[in-house]
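Novice: The amino acid sequence is not available; the structure is as follows:
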């Protein structure tokens, strides 16, 4: 027993500091991961969680100045050359990133990528290695693993891509797995499946894991110990129950309180008796052409009153975003009809008028903003579409007022999107949509990638703007607890078919559909 205590930790960081120029983004972080344990690393966006983890792999981006020590089983990693790092990356420390599609090579099959990640074994030929790769895909729960070996990443769903990424990391047989927000953008059912998979793999293989997340419930279900970061500083570290039930630092208490908003009173309110503004009757949508044509949305009916909030829920691939695109005229229904404030969204002759009626807030705020345009230029574009003769100084004042309305300082106007945090970018996208003074705002997963504190701020903002402007909201999400806090009515989709529809209180309080009950249960299981 004494020998175990004296052995060095699997991974240790000692006074790690990461600087870009004169600015320290990680300051004096010291922590360790022991063999066979799960350490949860939590904090808001921009707290330095991912940079701290990347330092363990020598992957800190840009020209960063790094001081302090990173040790693997007591051996310093600082100063390794590229060949030395290759012996560590994937072989001893593996990493699963937040966005598997960006991590997988779109031009290579899964089989080819897995063989590339797999260490060579003496006497083992290509056939044996492919068999081993198929066994790994089976271990992570992918169907028909041999056929999966021949598929490209784009042919897989988001959950399947994440499972394939985990299998690829396991191919290197690492002692430590770094999981960087591995379930952030997944629906609740898939999230629960991936978390259960990671728990099972960690226990069976005896791997250590550094689990990075802003979701405290997920961390509670995964981690033996928790480390809390803010503004690049490690605030506290200890056993999970002690940290999350009796936090010593005030900021940790704020995180716990912010996350408690999942069960807090609803932000929504009884919808006013406004006139119906959004109609959909028997809407069907097909994708593909010829023999490849398939129906992805089947006979959807809905009617939403002015000033109300509709939540659209369902798993990935259920048709949520397709329905939103049909409401916006971005896809034409194969059957049925859509009307928004009496306008046909698919009628190209009415697009300018429709843009003043209905606007879209995309899930990916970064991808929604032109990286080469400043925030001022991004906000001024819709203003000039409305008022071509608007003077530059007047446009600047209007843009400053728009930022103020969404809780941002006008000092951000000269910045580019990459210089803003995720929450700031999402607020800018909301401000840009409101510039057109729409009556209907469609929000597609607007908070799925945000941490608990920023998520609650954006939800509060949407509720306040809805009430101030009399907006009608269509809110798409996979986190039912978040939707419950905002929606007046809920529509649940499954494989393109409406599984349940009705007032939020009845859908969440006494769901009639077994599928809705499964979604609610999956959300709870993913966190316990």
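Specialist: Looks like it arrived, so ask away. Note that this is a predicted model, so its numbers are computed, not measured.

Novice: pLDDT of stretch 102-121, averaged?
Specialist: Averaged over stretch 102-121, pLDDT sits at 86.

Novice: Which residue comes closest to residue 443 once chain neighbours are left out?
Specialist: residue 361 (4.4 Å; C-beta to C-beta, 6 or more residues apart in numbering). Placement of C-beta: from N, CA and C, glycine included.

Novice: Let's see the pLDDT reported for the one you found.
Specialist: 91.

Novice: Next, work out how far apart it and residue 442 are.
Specialist: For residue 361, the distance to residue 442 (C-beta to C-beta, to the nearest Å) stands at 7 Å.

Novice: The two: which is more packed in?
Specialist: Taking other C-beta atoms under 10 Å, residue 361 and residue 442 do not tie; residue 442 has more neighbours (27 against 24).

Novice: Report the secondary structure state of the more buried one.
Specialist: Three-state call for residue 442 (DSSP: H, G, I helix; E, B strand; the rest coil): strand.

Novice: ok, for it, nearest residue in space, not its chain neighbours?
Specialist: residue 474 is the one closest to residue 442 (C-beta to C-beta, 6+ apart), at 4.4 Å.

Novice: For the nearest residue to residue 172 once chain neighbours are set aside, give me its contacts.
Specialist: Spatial nearest neighbour of residue 172, chain neighbours left out: residue 90 (3.8 Å); criterion: C-beta to C-beta, 6+ apart. Contact analysis of residue 90 by C-beta atoms under 8 Å, 6 or more residues apart in numbering lists 117, 169, 172, 174.

Novice: By neighbours, which of the residues you listed wins?
Specialist: Going by other C-beta under 10 Å, residue 169 tops these with 25 neighbours.

Novice: Need phi/psi at that one.
Specialist: Residue 169 has phi and psi values of phi -70, psi -40 when expressed as degrees, to the nearest 10.

Novice: Look up how far residue 41 lies from it.
Specialist: 18 Å.

Novice: which residues does residue 338 bridge with?
Specialist: Beta-bridge pairing for residue 338 (DSSP bridges): residue 280.

Novice: In this structure residue 395 contacts residue 384, no?
Specialist: Yes: proximity of residue 395 to residue 384 meets the contact threshold set by C-beta atoms under 8 Å, at 6.9 Å.

Novice: Look at the two and report which has more neighbours.
Specialist: Higher neighbour count among residue 395 and residue 384: residue 395, with 18 against 13, using other C-beta under 10 Å.

Novice: ok so, going back, for the residue nearest to residue 442, give me its contacts.
Specialist: Per C-beta under 8 Å, 6+ apart, neighbours of residue 474: 278, 304, 309-310, 312, 324, 327, 440-443.

Novice: out of these, who has the most neighbours?
Specialist: Busiest of those [other C-beta under 10 Å] is residue 312, holding 29 neighbours.

Novice: so where do the helices sit in the stretch 351-500 of the chain?
Specialist: Counting by DSSP state H, counting those that start in this stretch, the stretch 351-500 of the chain has helices at residues 351-355, 365-368, 375-386, 392-405, 422-434, 452-469, 480-484.

Novice: which residues sit against the shortest one?
Specialist: The one in question is helix 365-368. Residues contacting helix 365-368 (C-beta under 8 Å, 6+ apart): 362, 417-418, 422, 425-426, 428-429.

Novice: Among those, which one is most surrounded by other residues?
Specialist: Counting by other C-beta under 10 Å, top hit in these: residue 426 with 29 neighbours.

Novice: which non-adjacent residue is nearest that residue?
Specialist: Using C-beta to C-beta, 6+ apart and skipping residues adjacent in sequence, the residue nearest residue 426 is residue 365, 4.5 Å away.

Novice: Any figure for the gap between residue 168 and residue 375?
Specialist: Residue 168 is 38 Å from residue 375, by C-beta to C-beta.

Novice: typo on my end, it should be residue 488
Specialist: Applying C-beta to C-beta to residue 488 and residue 375 gives a distance of 32 Å.

Novice: go on, residue 338?
Specialist: 33 Å.

Novice: between those two, which one's more packed in?
Specialist: residue 375 (26 against 22).

Novice: pretty sure that one is in contact with residue 428, am I right?
Specialist: Yes: using C-beta under 8 Å, residue 375 makes contact with residue 428 at a distance of 5.7 Å.

Novice: Which neighbours do those two have in common?
Specialist: 403, 412, 417, 420.

Novice: Relative to residue 150, which of the residues you listed is nearest.
Specialist: Nearest to residue 150 among the shared contacts of residue 375 and residue 428 is residue 417, at 37.8 Å by C-beta to C-beta.

Novice: Report the distance from stretch 183-199 to the chain centre.
Specialist: 12 Å (C-alpha atoms, centre = their mean, to the nearest Å).

Novice: what is the mean pLDDT for that stretch?
Specialist: Averaging pLDDT along stretch 183-199 yields 79.

Novice: Just the local confidence number for the residue nearest to residue 74 when sequence neighbours are not counted, please.
Specialist: Distances taken as C-beta to C-beta, 6+ apart place residue 8 nearest to residue 74, at 3.5 Å, with adjacent residues excluded. Looking at residue 8, its pLDDT reads 88.

Novice: in what helix or strand does residue 8 lie?
Specialist: Taking DSSP states H and E as the definition, one finds residue 8 inside no helix or strand.

Novice: Check residue 24 too.
Specialist: If you go by DSSP H and E, residue 24 is part of strand 23-33.

Novice: List the buried residues in that strand.
Specialist: 24-27, 29, 31-33 (16 or more other C-beta atoms under 10 Å).

Novice: I'd like those residues laid out as TSV, including pLDDT and distance to residue 201.
Specialist: Output for the buried residues of strand 23-33, formatted as TSV (pLDDT from 0 to 100; distance: C-beta to C-beta, whole Å):
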residue	pLDDT	distance to residue 201
24	92	35
25	91	31
26	95	28
27	95	33
29	96	27
31	94	23
32	95	22
33	96	16
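
Novice: from those residues, which is closest to residue 482?
Specialist: residue 25 (28.9 Å).

Novice: Find the nearest non-adjacent residue to residue 487, please.
Specialist: residue 311 (3.3 Å).

Novice: residues contacting the one you found?
Specialist: 475-477, 483-484, 486-487, 489-491, 504.

Novice: Nice, that's everything, thank you.
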